[in-house]
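Q: need a structure here:
(4 chains)
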There are 2 protein chains.
Amino acid sequence: MVEKLDNVDLTILKILQNDSKKTTKEIAATLNMTVSPVYERIKRLENDGYIKKYVALLDKKLLNYPVTVICMVSLRYHNEGFIDKFEEQIKELPEVQECFHMAGKVDFFLKINMKSLDDYHDFVRVKLSNISNIGILESYFVLKEIKQSTEFVI
Amino acid sequence: MVEKLDNVDLTILKILQNDSKKTTKEIAATLNMTVSPVYERIKRLENDGYIKKYVALLDKKLLNYPVTVICMVSLRYHNEGFIDKFEEQIKELPEVQECFHMAGKVDFFLKINMKSLDDYHDFVRVKLSNISNIGILESYFVLKEIKQSTEFVI
DNA sequence: TATTTTAAAAGTAAAATTTTCTTTAAAATT
DNA sequence: AATTTTAAAGAAAATTTTACTTTTAAAATA
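A: Just a heads-up that it's a prediction; the model follows:
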(Lines give C-alpha, C1' and ligand atoms only; values in the text may rest on other atoms or scores of the structure.)
Protein backbone atom coordinates (compact mmCIF):
# COMPACT_ATOMS: atom_id res chain seq x y z
CA MET A 1 0.00 0.00 0.00
CA VAL A 2 2.67 2.51 1.06
CA GLU A 3 4.86 2.72 -2.02
CA LYS A 4 7.82 4.93 -2.74
CA LEU A 5 7.17 8.46 -3.91
CA ASP A 6 8.47 9.88 -7.15
CA ASN A 7 9.31 13.49 -7.95
CA VAL A 8 5.77 14.28 -9.08
CA ASP A 9 4.43 13.13 -5.70
CA LEU A 10 7.01 15.19 -3.85
CA THR A 11 6.19 18.28 -5.90
CA ILE A 12 2.51 17.85 -5.11
CA LEU A 13 3.30 17.55 -1.39
CA LYS A 14 5.52 20.62 -1.46
CA ILE A 15 2.75 22.63 -3.10
CA LEU A 16 0.03 21.43 -0.74
CA GLN A 17 2.00 21.91 2.45
CA ASN A 18 2.45 25.53 1.39
CA ASP A 19 -1.07 26.17 0.04
CA SER A 20 -3.71 23.49 0.24
CA LYS A 21 -6.24 25.64 -1.61
CA LYS A 22 -4.41 25.20 -4.90
CA THR A 23 -6.75 23.35 -7.24
CA THR A 24 -5.72 20.15 -8.98
CA LYS A 25 -5.98 22.14 -12.17
CA GLU A 26 -3.36 24.64 -10.99
CA ILE A 27 -1.10 21.91 -9.67
CA ALA A 28 -1.46 19.99 -12.90
CA ALA A 29 -0.47 23.11 -14.83
CA THR A 30 2.79 23.54 -12.92
CA LEU A 31 3.51 19.85 -13.51
CA ASN A 32 2.56 19.95 -17.20
CA MET A 33 0.00 17.24 -16.65
CA THR A 34 -3.76 16.88 -16.89
CA VAL A 35 -5.99 16.93 -13.83
CA SER A 36 -6.83 13.22 -13.69
CA PRO A 37 -3.45 11.79 -12.76
CA VAL A 38 -2.82 14.66 -10.34
CA TYR A 39 -6.21 14.13 -8.73
CA GLU A 40 -5.55 10.41 -8.29
CA ARG A 41 -2.08 11.01 -6.89
CA ILE A 42 -3.46 13.40 -4.28
CA LYS A 43 -6.12 10.86 -3.29
CA ARG A 44 -3.43 8.22 -2.98
CA LEU A 45 -1.24 10.50 -0.86
CA GLU A 46 -4.23 11.11 1.41
CA ASN A 47 -5.24 7.46 1.67
CA ASP A 48 -1.71 6.24 2.28
CA GLY A 49 -1.32 8.71 5.15
CA TYR A 50 1.34 11.00 3.69
CA ILE A 51 -1.17 13.84 4.01
CA LYS A 52 -2.54 13.70 7.54
CA LYS A 53 -4.99 16.59 7.43
CA TYR A 54 -5.83 19.95 5.94
CA VAL A 55 -6.04 22.91 8.29
CA ALA A 56 -6.43 26.66 8.34
CA LEU A 57 -3.65 28.53 10.15
CA LEU A 58 -5.01 31.45 12.14
CA ASP A 59 -3.48 34.70 13.36
CA LYS A 60 -2.70 34.47 17.08
CA LYS A 61 -2.46 38.19 17.67
CA LEU A 62 -5.69 39.11 15.85
CA LEU A 63 -7.54 36.39 17.70
CA ASN A 64 -6.22 37.61 21.01
CA TYR A 65 -3.88 34.80 21.89
CA PRO A 66 -0.70 36.87 22.10
CA VAL A 67 1.07 34.85 24.80
CA THR A 68 3.13 31.82 23.84
CA VAL A 69 4.99 29.89 26.49
CA ILE A 70 7.48 27.07 26.24
CA CYS A 71 7.38 24.82 29.29
CA MET A 72 10.10 22.41 30.20
CA VAL A 73 8.84 19.69 32.49
CA SER A 74 10.76 17.10 34.44
CA LEU A 75 8.82 14.31 36.04
CA ARG A 76 9.23 13.17 39.61
CA TYR A 77 8.85 9.47 38.82
CA HIS A 78 9.93 7.89 35.55
CA ASN A 79 8.28 4.47 35.59
CA GLU A 80 6.47 3.57 32.39
CA GLY A 81 3.05 3.93 33.93
CA PHE A 82 3.77 7.41 35.19
CA ILE A 83 5.02 8.62 31.81
CA ASP A 84 1.95 7.25 30.00
CA LYS A 85 -0.31 8.84 32.60
CA PHE A 86 1.38 12.20 32.17
CA GLU A 87 1.06 12.01 28.39
CA GLU A 88 -2.64 11.19 28.62
CA GLN A 89 -3.26 14.09 30.96
CA ILE A 90 -1.38 16.52 28.70
CA LYS A 91 -3.35 15.38 25.65
CA GLU A 92 -6.54 16.39 27.41
CA LEU A 93 -5.42 20.02 27.79
CA PRO A 94 -6.50 22.07 24.75
CA GLU A 95 -4.18 24.90 25.77
CA VAL A 96 -1.17 22.66 25.03
CA GLN A 97 -0.53 22.93 21.32
CA GLU A 98 2.62 20.82 21.18
CA CYS A 99 4.18 18.33 23.53
CA PHE A 100 7.35 16.33 22.99
CA HIS A 101 8.97 13.66 25.10
CA MET A 102 12.65 14.53 25.10
CA ALA A 103 15.95 12.78 25.52
CA GLY A 104 18.09 14.32 28.24
CA LYS A 105 17.58 15.72 31.67
CA VAL A 106 14.40 17.58 30.69
CA ASP A 107 11.56 15.14 30.10
CA PHE A 108 8.96 17.17 28.15
CA PHE A 109 8.69 20.31 26.07
CA LEU A 110 5.27 21.95 25.96
CA LYS A 111 4.13 24.83 23.79
CA ILE A 112 1.17 26.72 25.15
CA ASN A 113 -0.94 29.54 23.70
CA MET A 114 -2.76 31.93 26.01
CA LYS A 115 -4.85 35.07 25.97
CA SER A 116 -2.88 36.66 28.81
CA LEU A 117 -0.28 36.10 31.50
CA ASP A 118 -3.10 35.91 34.01
CA ASP A 119 -4.56 33.02 32.06
CA TYR A 120 -1.17 31.34 32.07
CA HIS A 121 -0.96 31.83 35.80
CA ASP A 122 -4.36 30.15 36.19
CA PHE A 123 -3.34 27.39 33.80
CA VAL A 124 -0.27 26.55 35.89
CA ARG A 125 -2.09 26.95 39.18
CA VAL A 126 -5.24 25.00 38.25
CA LYS A 127 -4.50 22.60 35.42
CA LEU A 128 -0.82 21.73 35.69
CA SER A 129 -0.95 21.47 39.47
CA ASN A 130 -3.55 18.73 38.98
CA ILE A 131 -0.88 16.63 37.33
CA SER A 132 0.80 15.20 40.37
CA ASN A 133 3.92 13.79 38.77
CA ILE A 134 5.50 17.08 37.69
CA GLY A 135 8.81 17.54 39.43
CA ILE A 136 10.37 20.63 37.87
CA LEU A 137 8.52 23.17 35.73
CA GLU A 138 10.40 25.91 33.90
CA SER A 139 8.51 28.49 31.84
CA TYR A 140 10.04 30.42 28.95
CA PHE A 141 8.09 33.25 27.37
CA VAL A 142 8.16 34.00 23.67
CA LEU A 143 9.11 37.60 22.94
CA LYS A 144 8.75 37.27 19.19
CA GLU A 145 7.93 34.63 16.63
CA ILE A 146 10.74 34.67 14.12
CA LYS A 147 9.42 31.74 12.15
CA GLN A 148 6.39 29.52 12.59
CA SER A 149 5.88 26.99 9.85
CA THR A 150 4.44 23.54 9.34
CA GLU A 151 6.52 22.70 6.29
CA PHE A 152 9.36 20.23 6.29
CA VAL A 153 9.52 18.55 2.88
CA ILE A 154 12.26 20.46 1.15
CA MET B 1 -11.76 46.68 8.41
CA VAL B 2 -10.86 44.41 11.32
CA GLU B 3 -14.13 44.16 13.23
CA LYS B 4 -15.01 42.09 16.22
CA LEU B 5 -15.96 38.49 15.68
CA ASP B 6 -19.25 36.96 16.75
CA ASN B 7 -19.94 33.37 17.72
CA VAL B 8 -20.68 32.34 14.15
CA ASP B 9 -17.24 33.57 13.06
CA LEU B 10 -15.54 31.76 15.92
CA THR B 11 -17.37 28.53 15.11
CA ILE B 12 -16.27 28.81 11.49
CA LEU B 13 -12.67 29.34 12.60
CA LYS B 14 -12.79 26.39 14.98
CA ILE B 15 -14.07 24.16 12.20
CA LEU B 16 -11.53 25.33 9.63
CA GLN B 17 -8.51 25.12 11.92
CA ASN B 18 -9.44 21.49 12.48
CA ASP B 19 -10.42 20.58 8.90
CA SER B 20 -10.12 23.13 6.13
CA LYS B 21 -11.64 20.73 3.58
CA LYS B 22 -15.08 21.11 5.10
CA THR B 23 -17.28 22.66 2.44
CA THR B 24 -19.24 25.83 3.09
CA LYS B 25 -22.32 23.66 2.67
CA GLU B 26 -21.27 21.40 5.55
CA ILE B 27 -20.28 24.32 7.74
CA ALA B 28 -23.56 26.04 6.96
CA ALA B 29 -25.43 22.89 7.96
CA THR B 30 -23.81 22.76 11.41
CA LEU B 31 -24.64 26.45 11.83
CA ASN B 32 -28.21 26.11 10.53
CA MET B 33 -27.52 28.68 7.85
CA THR B 34 -27.39 28.79 4.08
CA VAL B 35 -24.14 28.76 2.15
CA SER B 36 -24.08 32.43 1.10
CA PRO B 37 -23.56 34.10 4.47
CA VAL B 38 -21.08 31.41 5.51
CA TYR B 39 -19.18 31.83 2.27
CA GLU B 40 -18.98 35.58 2.74
CA ARG B 41 -17.90 35.30 6.34
CA ILE B 42 -15.07 32.96 5.36
CA LYS B 43 -13.94 35.40 2.67
CA ARG B 44 -14.04 38.21 5.22
CA LEU B 45 -12.02 36.17 7.73
CA GLU B 46 -9.46 35.51 5.01
CA ASN B 47 -9.28 39.10 3.82
CA ASP B 48 -9.06 40.55 7.31
CA GLY B 49 -6.14 38.25 8.11
CA TYR B 50 -7.73 36.03 10.74
CA ILE B 51 -7.05 33.10 8.45
CA LYS B 52 -3.42 33.34 7.38
CA LYS B 53 -3.17 30.34 5.10
CA TYR B 54 -4.43 26.87 4.32
CA VAL B 55 -1.93 24.04 4.49
CA ALA B 56 -1.66 20.27 4.30
CA LEU B 57 -0.03 18.65 7.31
CA LEU B 58 2.23 15.78 6.29
CA ASP B 59 3.46 12.69 8.08
CA LYS B 60 7.07 13.14 9.19
CA LYS B 61 7.83 9.47 9.66
CA LEU B 62 6.36 8.31 6.34
CA LEU B 63 8.25 11.05 4.53
CA ASN B 64 11.47 10.06 6.19
CA TYR B 65 11.99 13.02 8.47
CA PRO B 66 12.00 11.10 11.74
CA VAL B 67 14.42 13.33 13.65
CA THR B 68 13.12 16.40 15.46
CA VAL B 69 15.51 18.55 17.45
CA ILE B 70 14.88 21.46 19.77
CA CYS B 71 17.83 23.86 19.82
CA MET B 72 18.36 26.43 22.49
CA VAL B 73 20.64 29.19 21.31
CA SER B 74 22.28 31.98 23.27
CA LEU B 75 23.93 34.75 21.33
CA ARG B 76 27.39 36.06 22.00
CA TYR B 77 26.47 39.71 21.38
CA HIS B 78 23.05 41.17 22.09
CA ASN B 79 23.09 44.50 20.25
CA GLU B 80 20.03 45.16 18.13
CA GLY B 81 21.89 44.74 14.87
CA PHE B 82 23.23 41.36 15.88
CA ILE B 83 19.83 40.04 16.90
CA ASP B 84 18.22 41.17 13.61
CA LYS B 85 21.07 39.61 11.67
CA PHE B 86 20.66 36.32 13.48
CA GLU B 87 16.92 36.30 12.81
CA GLU B 88 17.46 36.96 9.12
CA GLN B 89 19.96 34.15 8.85
CA ILE B 90 17.66 31.70 10.63
CA LYS B 91 14.74 32.60 8.35
CA GLU B 92 16.84 31.52 5.38
CA LEU B 93 17.28 27.98 6.70
CA PRO B 94 14.46 25.73 5.46
CA GLU B 95 15.39 23.08 8.01
CA VAL B 96 14.27 25.41 10.81
CA GLN B 97 10.53 24.97 11.14
CA GLU B 98 10.00 27.20 14.16
CA CYS B 99 12.10 29.89 15.79
CA PHE B 100 11.17 32.01 18.81
CA HIS B 101 13.00 34.83 20.46
CA MET B 102 12.70 34.15 24.16
CA ALA B 103 12.72 36.07 27.41
CA GLY B 104 15.30 34.76 29.84
CA LYS B 105 18.83 33.54 29.72
CA VAL B 106 18.24 31.48 26.57
CA ASP B 107 17.78 33.74 23.56
CA PHE B 108 16.19 31.50 20.90
CA PHE B 109 14.29 28.26 20.60
CA LEU B 110 14.57 26.46 17.28
CA LYS B 111 12.65 23.41 16.10
CA ILE B 112 14.36 21.48 13.37
CA ASN B 113 13.28 18.47 11.28
CA MET B 114 15.84 16.13 9.80
CA LYS B 115 16.16 12.92 7.88
CA SER B 116 18.87 11.57 10.16
CA LEU B 117 21.26 12.37 12.96
CA ASP B 118 24.03 12.57 10.38
CA ASP B 119 22.08 15.30 8.60
CA TYR B 120 21.71 17.12 11.89
CA HIS B 121 25.42 16.83 12.44
CA ASP B 122 26.03 18.38 9.02
CA PHE B 123 23.44 21.06 9.69
CA VAL B 124 25.19 22.14 12.89
CA ARG B 125 28.64 21.82 11.36
CA VAL B 126 27.93 23.59 8.07
CA LYS B 127 24.92 25.86 8.43
CA LEU B 128 24.82 26.90 12.07
CA SER B 129 28.57 27.36 12.27
CA ASN B 130 28.19 29.95 9.50
CA ILE B 131 26.20 32.07 11.91
CA SER B 132 29.02 33.71 13.79
CA ASN B 133 27.06 35.18 16.68
CA ILE B 134 26.00 31.92 18.31
CA GLY B 135 27.45 31.68 21.81
CA ILE B 136 25.89 28.61 23.37
CA LEU B 137 24.06 25.88 21.45
CA GLU B 138 22.18 23.15 23.30
CA SER B 139 20.42 20.38 21.36
CA TYR B 140 17.51 18.37 22.71
CA PHE B 141 16.24 15.39 20.76
CA VAL B 142 12.58 14.45 20.54
CA LEU B 143 11.91 10.86 21.60
CA LYS B 144 8.21 10.98 20.88
CA GLU B 145 5.62 13.46 19.71
CA ILE B 146 2.87 13.41 22.27
CA LYS B 147 0.90 16.17 20.65
CA GLN B 148 1.49 18.27 17.56
CA SER B 149 -1.30 20.62 16.69
CA THR B 150 -1.83 23.96 15.03
CA GLU B 151 -5.11 24.77 16.80
CA PHE B 152 -5.47 27.37 19.49
CA VAL B 153 -8.95 28.90 19.24
CA ILE B 154 -10.84 27.02 21.90
C1' DT C 1 10.33 -9.99 -32.01
C1' DA C 2 5.63 -10.13 -31.09
C1' DT C 3 2.17 -10.35 -27.69
C1' DT C 4 0.28 -9.71 -23.31
C1' DT C 5 -0.01 -7.36 -19.10
C1' DT C 6 0.21 -3.51 -16.18
C1' DA C 7 0.22 1.12 -14.68
C1' DA C 8 -0.03 5.78 -15.46
C1' DA C 9 -1.96 9.41 -18.03
C1' DA C 10 -5.50 11.52 -20.73
C1' DG C 11 -10.15 12.39 -21.99
C1' DT C 12 -15.01 12.94 -20.90
C1' DA C 13 -19.05 13.95 -18.56
C1' DA C 14 -21.89 14.21 -14.45
C1' DA C 15 -22.17 15.84 -9.77
C1' DA C 16 -20.94 19.02 -6.44
C1' DT C 17 -19.01 23.23 -4.96
C1' DT C 18 -17.58 27.86 -5.42
C1' DT C 19 -18.52 32.31 -6.72
C1' DT C 20 -21.20 36.21 -8.23
C1' DC C 21 -25.25 38.76 -8.30
C1' DT C 22 -29.91 39.98 -6.92
C1' DT C 23 -33.49 40.01 -3.55
C1' DT C 24 -35.26 40.04 1.07
C1' DA C 25 -35.45 41.03 5.89
C1' DA C 26 -33.98 43.00 9.94
C1' DA C 27 -31.54 46.45 12.49
C1' DA C 28 -29.68 50.97 13.02
C1' DT C 29 -29.66 55.82 12.01
C1' DT C 30 -31.46 60.20 10.84
C1' DA D 1 -41.55 57.21 9.88
C1' DA D 2 -38.33 57.10 6.26
C1' DT D 3 -33.79 55.96 4.97
C1' DT D 4 -29.58 53.67 5.22
C1' DT D 5 -26.91 49.84 6.44
C1' DT D 6 -25.98 45.11 7.28
C1' DA D 7 -26.54 40.29 7.15
C1' DA D 8 -28.89 36.47 5.26
C1' DA D 9 -31.19 34.05 1.62
C1' DG D 10 -32.01 32.63 -3.03
C1' DA D 11 -30.71 31.75 -7.68
C1' DA D 12 -27.74 31.11 -11.46
C1' DA D 13 -23.19 30.89 -13.68
C1' DA D 14 -18.53 29.34 -13.44
C1' DT D 15 -15.36 26.23 -11.77
C1' DT D 16 -13.84 22.19 -9.57
C1' DT D 17 -14.31 17.60 -8.05
C1' DT D 18 -15.22 13.05 -8.92
C1' DA D 19 -16.10 8.78 -11.36
C1' DC D 20 -15.61 6.33 -15.38
C1' DT D 21 -13.68 5.09 -19.94
C1' DT D 22 -10.10 5.17 -23.28
C1' DT D 23 -5.45 5.71 -24.69
C1' DT D 24 -0.61 5.34 -24.29
C1' DA D 25 3.65 3.58 -23.03
C1' DA D 26 6.51 0.74 -20.61
C1' DA D 27 7.51 -3.74 -18.70
C1' DA D 28 7.02 -8.63 -18.72
C1' DT D 29 6.39 -12.93 -20.95
C1' DA D 30 6.27 -16.23 -24.52
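
Q: Near DNA strand C, which residues of chain A are found?
A: A:8, A:33-37, A:40-41 (Cβ under 7 Å from any atom of the strand). Using the backbone N, CA and C atoms, a C-beta is placed for each residue, glycine as well.

Q: again, only using 10 Å
A: When proximity is defined as Cβ under 10 Å from any atom of the strand, chain A approaches DNA strand C at A:3-4, A:6-9, A:21, A:23, A:28, A:31-41, A:44.

Q: Can you pick out the ones from the residues you listed that are in helices?
A: Cross-referencing those against helices under DSSP state H gives A:7-9, A:28, A:31, A:35-41, A:44.

Q: For the helix or strand bottoming out on mean pLDDT in chain A, enumerate the helices and strands it packs against.
A: Least confident helix or strand, chain A: helix A:80-91 with a mean of 92, by mean pLDDT, DSSP states H and E. Judged by 3 or more Cβ pairs under 8 Å, 6 or more residues apart in numbering or on different chains; DSSP states H and E, helix A:80-91 is in contact with strand A:67-75, strand A:96-103, strand A:108-114, strand B:134-148.

Q: So which of these has the densest surroundings on average?
A: Highest mean neighbour count of the helices and strands packed on helix A:80-91: strand A:108-114, a mean of 22 (counted as mean count of other Cβ atoms under 10 Å in any protein chain shown).

Q: which helices and strands does whichever helix or strand comes after that strand pack with?
A: Using DSSP states H and E, the helix or strand that follows strand A:108-114 in sequence is helix A:117-122. Judged by 3+ Cβ pairs under 8 Å, 6+ apart, the packing partners of helix A:117-122 are strand A:67-75.

Q: which outside residues touch the strand it packs on?
A: Strand A:67-75 has contacts (Cβ atoms under 8 Å, 6 or more residues apart in numbering or on different chains) with A:60, A:82-83, A:86, A:105-117, A:119-120, A:133-142, A:145, B:100, B:102, B:109.

Q: how close does the most centrally placed residue in chain A sit to residue A:78?
A: Geometric centre of chain A, nearest residue: residue A:98, 5.6 Å, by Cα atoms, centre = their mean. Distance, residue A:98 to residue A:78, by Cβ to Cβ, to the nearest Å: 21 Å.

Q: Residue A:19 touches residue B:55, doesn't it?
A: Yes. Look at residue A:19 against residue B:55 with Cβ atoms under 8 Å: they come within range, at 7.1 Å.

Q: what ranges of chain A fall below the confidence cut-off?
A: A:1-3 (pLDDT under 70).

Q: Domains in it, by residue range?
A: What the record gives for chain A is the domain set A:7-47, A:67-141, from automatic domain parsing.

Q: mind checking which of these is nearest residue B:129?
A: domain A:67-141 (22.0 Å; Cβ to Cβ).

Q: what's the closest of the domains of chain A to residue B:90?
A: domain A:67-141 (16.4 Å).

Q: what's the span of the closest one, first residue to last?
A: 8 Å (Cα to Cα, to the nearest Å).

Q: cool, stretch A:103-119 as well?
A: Using Cα to Cα, one end of stretch A:103-119 lies 30 Å from the other.

Q: Contacts for it, please.
A: Looking at what lies outside stretch A:103-119 - Cβ under 8 Å, 6+ apart - the contacts are A:60, A:64-75, A:78, A:83, A:86, A:90, A:95-102, A:120, A:123, B:70, B:140-143, B:146, B:152.

Q: Can you tell me how far the residue lying closest to residue A:110 once chain neighbours are set aside is from residue B:51?
A: Nearest residue to residue A:110 in three dimensions, chain neighbours excluded: residue A:71, at 4.0 Å (Cβ to Cβ, 6 or more residues apart in numbering or on different chains). Distance, residue A:71 to residue B:51, using Cβ to Cβ: 28 Å.

Q: Point out the one among the domains of chain A that comes closest to residue B:127.
A: domain A:7-47 (20.3 Å).

Q: Does that closest one reach DNA strand D?
A: Yes. Interface with DNA strand D: domain A:7-47 contributes A:20-29, A:34-40, A:42-43, A:46 (Cβ under 10 Å from any atom of the strand).
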